[in-house]
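K.L.:
this is a predicted model, with the sequence first.
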Amino acid sequence: MTTPEGPRYVLRLFVTGTTSRSQRAITNMQRICEENLAGRYDLEVIDVYQDPEATRDLQVIATPTLVKLLPEPLRRIIGDLSDREKVLAGLDLMPARRGSDPAP
Amino acid sequence: MDHLPARIAALEQQLREANETLDAIRNGEVDAVVVGGPAGQIVYTLENADRPYRVLVEQMKEGAVTLSGDGMILYCNHSFAMLVDCRFEAIVGSSLFDHIADRPMVERMLAAPDAADAAEVSLRSSGTRAIPVNMSIVELQVEDGSPRMLCAIVTDLSHNYARAREVAEANARLASEMRQRSRAEENLAIALDAADMASWELSVDNEMVTSWGFAIGIEQFVDEDRADVMAAMDAARHNGALEFEKRILRPPENALRWIYVKGRVPPGLQGRERLAGIMLDVTERHLVDEQLRQAQKMEAVGQLTGGIAHDFNNLLMIIGGSLEIVARRAKLDERERKLIDAAQIGVARGAKLNQQLLAFARRQDMRVETVCINDLLPDFETLLDRALGEAIRVEIARGGNLWYCSTDPHQLETAILNLAINARDAMIDGGTLTFATANATVSEAFARRWDAKAGDYVVTVVTDTGSGMAPDIVARVFEPFFTTKGVGRGTGLGLSQVYGFARQSSGFVTIDSRIGAGTTVSIYLPRAAAPKDVQPAVRTAPAIERYQGKVLLVEDDAEVRAATSAMIEELGYTVLPAAAGGEALDLLARDEAIDIVFSDVIMATGMTGIELAREIRKRRPDLPVLLTSGYTAQHRVPPATRENFPLLRKPYTIADLSHALRDVADGVAERSE
């Protein structure tokens, strides 16, 4: 369910090196962005090994964690992002708890 | 109060996030936990998160080692174990220094890992074999208070070293080849230079670019040779080889030079434009060849002339002898006597011509004396003045300290006269004739050009300021009967006599002449030791007297024999004729009464007159022998033996014969006239 028009999304994905969970999180997030936010998102992947200080401002305490900086409010979604609906809900792209309403 | 519901929703959201995080951690859905502290954010990875790095480290080609601060190995990867060729279990716990050769350097690196960049050290494999490696050491960050930990990465450089060695060897080989090549080129250049050769290469403009420093294009070749050169070049493109000897006008002064060119298309480049080779200036050789050919031709002409003159002398002998006897015996009227006189003058002229022929053929009898030509100059001066006339000025340049030479002064005089006459004819409107004498030391190269021997010579130079001669005329002037003078004005034997005389004296003649620039002829006569005592030759006038006695006449030519017999008998002798040496010896054995033997030298069959004379001298040493010859065949008769017998030259008159016979009978070893 693409929404060509809408606010621009600024996203940060914190991962831990090359662990399989991190790899999965990166893959999942890329797919979700392309399917739902094509043309209106900035996704940065941050390896906490290389830049541990980057976690401080956004209060990331575990990885993988996706942080939605914009649009507000700021949201954090933890895990490998394999729960697509949970991710979409966290990104305000779909009402939470209304997973029964399928896309047309 | 309106903002409360929103505030509650936000807090609910935060709470949900916190719960989700806790759940995720609790459920093991995270890899790492980030904990903030005073020293910064610290990432605590969970066990499974390390695995990909372990795999990476284990798989990598470089050796990886974790060390304690004092160098004890805490961990090493598979590659390191392979490098040092030890079991993994034996490595962990051992000291890094057990495995390396350069302890001081590694100690420095351990002490200050950040200060030292990577360094090359020797790793000991199985404790003995040294492997060159690159080692870098970094300090691992540890918590405060924990002991130091370091991490070393070891890269095997054997392969690099081997490669570097190969490259170095290849470089050295290349350098050596280049040295050899440049040396070979240098040697070639030296060799070419030593041989007066140049190397050349055909340029894109079809010019031969030479190492002499100039290029030779087709336009440098003389007109007549150009077509041949172009044909040779075309042919070279097909058959790959080039060779020719042609004339060029050599830059920059356009000197006419003969060049010999040899070249080829480099192997494997058939049909291509590349052509290179050597070049040699052969002008000098052409000159020498030309002169040598000329000398050889003259020699051949001389041989031929000598043979003809010999026969001619015999004919003159028959005619002259017969005429003389007829004149003496017959009762002739005035008119008949005039006719006989005319015939005898003809014989005398023929004899004189023949003498010149013989002089050219070098068969004339030489009366060799050791003379200083300067002593003869007064005689020559008189001669020249008389021969040249008023219009021509004569200058004499007398060479200082002139050497002696062995020559026949009379023939030299004839030669000078011949040259003077030629000079006079070349200076119809007057001019100057310079007559000079000098000492000359002739080099090998110069002598070769004139087919002569190197050494000391006395040179007599006759120079005129006359019209000069073209090169094609100069090339032929020594040939007998070659003359540029009108019919009846020259015999064409003048310069032939000069040539023959010089050769017979073991010398040579050079000629230099150019149209409008006069002619210089130089007669080179070999130097001789100064004589102790020079006796002037005394010649007495012949007179006819009558004698008695028996003369054994040996002559193979029947007509000559008949004429000679008549002449001898005319003198009062009786004649015993013999046709060959053997027959003469038989007659001599039978007849004790023979008083004189008179023999021809050259006979067609049997022994020569010389051999006969020797035999007679053995058998009857007191019997006088007189020899006669149409020419003194120096090629056949050794000079030493010739000296021992008196010789009468043909043709001779009755008076000559009378004189010679009387002298031998009187025991006077007089030379023939």
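P.N.:
Yep, that arrived. Because the structure is a prediction, the values reported are computed rather than measured.
K.L.:
who touches the residue positioned nearest the centre of chain B in this structure?
P.N.:
Centroid-nearest residue in chain B, with Cα atoms, centre = their mean: B:A195, separated by 6.9 Å. Going by Cβ atoms under 8 Å, 6 or more residues apart in numbering or on different chains, B:A195 touches B:L280. To be clear about C-beta, it is placed using only N, CA and C from the backbone, and glycine gets the same treatment.
K.L.:
confidence score at it?
P.N.:
Per-residue confidence (pLDDT) for B:A195: 84.
K.L.:
go on, the one 4 residues further on?
P.N.:
In this model, B:S199 is scored at 89, pLDDT.
K.L.:
same check, this time on B:A111
P.N.:
Listed pLDDT for B:A111 reads 84.
K.L.:
where are the low-confidence patches of the stretch 451-600 of chain B?
P.N.:
Scanning the stretch 451-600 of chain B for pLDDT under 70 picks out B:480-493, B:532-546.
K.L.:
please disregard the earlier target; I meant the stretch 101-250 of chain B.
P.N.:
Confidence mapping of the stretch 101-250 of chain B against pLDDT under 70 gives the ranges B:114-116, B:127, B:142-143.
K.L.:
show me what residue of it gets nearest to chain A.
P.N.:
B:Q141 (11.0 Å; Cβ to the nearest Cβ).
K.L.:
any idea how far that residue is from B:I42?
P.N.:
Note on B:Q141: its distance to B:I42, by Cβ to Cβ, to the nearest Å, is 10 Å.
K.L.:
which one's more surrounded, the two?
P.N.:
The residue with more neighbours, out of B:Q141 and B:I42, is B:I42; 16 against 9, by other Cβ atoms under 10 Å in any protein chain shown.
K.L.:
partner residues bridging the more buried one?
P.N.:
B:V35 (DSSP bridges).
K.L.:
could you look up the SS state of A:L66?
P.N.:
strand (DSSP: H, G, I helix; E, B strand; the rest coil).
K.L.:
now do the nearest residue to it once chain neighbours are set aside against B:A475, distance only.
P.N.:
Leaving aside its chain neighbours, A:L66 sits nearest to A:I77 (4.6 Å; criterion: Cβ to Cβ, 6 or more residues apart in numbering or on different chains). In this view, A:I77 and B:A475 are 119 Å apart by Cβ to Cβ.
K.L.:
what's the first-to-last distance across stretch B:70-85?
P.N.:
23 Å (Cα to Cα, to the nearest Å).
K.L.:
who touches it?
P.N.:
Stretch B:70-85 is contacted from outside by B:57-58, B:60-68, B:87-88, B:91-97, B:99, B:106-107, B:110, B:123-126, B:129, B:131, B:133, B:149, B:154, B:156, using Cβ under 8 Å, 6+ apart.
K.L.:
which residues touch the spatially most central residue of chain A?
P.N.:
By Cα atoms, centre = their mean, chain A has its centre lying nearest to A:L66, at 4.2 Å. Applying Cβ under 8 Å, 6+ apart, we find A:L66 in contact with A:11-14, A:25, A:29, A:76-78, A:81, A:87, A:90.
K.L.:
chain center to stretch B:281-297: distance?
P.N.:
Distance of stretch B:281-297 from its chain centroid, counting by Cα atoms, centre = their mean, to the nearest Å, is 13 Å.
K.L.:
buried ones in it, by neighbour count?
P.N.:
B:281-283, B:288, B:291, B:294-295 (16 or more other Cβ atoms under 10 Å in any protein chain shown).
K.L.:
same thing with stretch B:581-589?
P.N.:
Those would be B:581, B:584-585, B:587-588, for stretch B:581-589 by 16+ other Cβ under 10 Å.
K.L.:
what's the closest of those to chain A?
P.N.:
For the buried residues of stretch B:581-589, the nearest to chain A is B:G581 (130.3 Å; Cβ to the nearest Cβ).
K.L.:
re the thing from before, dump the contacts of A:L66 into JSON lines; add distance to B:N354, secondary structure and neighbour count as well.
P.N.:
Formatted as JSON lines, the contacts of A:L66 follow (distance: Cβ to Cβ, whole Å; DSSP: H, G, I helix; E, B strand; the rest coil; neighbours: other Cβ atoms under 10 Å in any protein chain shown):
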{"residue": "A:L11", "distance to B:N354": "136", "secondary structure": "strand", "neighbour count": "21"}
{"residue": "A:R12", "distance to B:N354": "135", "secondary structure": "strand", "neighbour count": "19"}
{"residue": "A:L13", "distance to B:N354": "134", "secondary structure": "strand", "neighbour count": "22"}
{"residue": "A:F14", "distance to B:N354": "136", "secondary structure": "strand", "neighbour count": "27"}
{"residue": "A:A25", "distance to B:N354": "135", "secondary structure": "helix", "neighbour count": "27"}
{"residue": "A:M29", "distance to B:N354": "134", "secondary structure": "helix", "neighbour count": "22"}
{"residue": "A:R76", "distance to B:N354": "144", "secondary structure": "strand", "neighbour count": "21"}
{"residue": "A:I77", "distance to B:N354": "143", "secondary structure": "strand", "neighbour count": "25"}
{"residue": "A:I78", "distance to B:N354": "144", "secondary structure": "strand", "neighbour count": "24"}
{"residue": "A:L81", "distance to B:N354": "138", "secondary structure": "coil", "neighbour count": "24"}
{"residue": "A:V87", "distance to B:N354": "142", "secondary structure": "helix", "neighbour count": "21"}
{"residue": "A:G90", "distance to B:N354": "145", "secondary structure": "helix", "neighbour count": "22"}
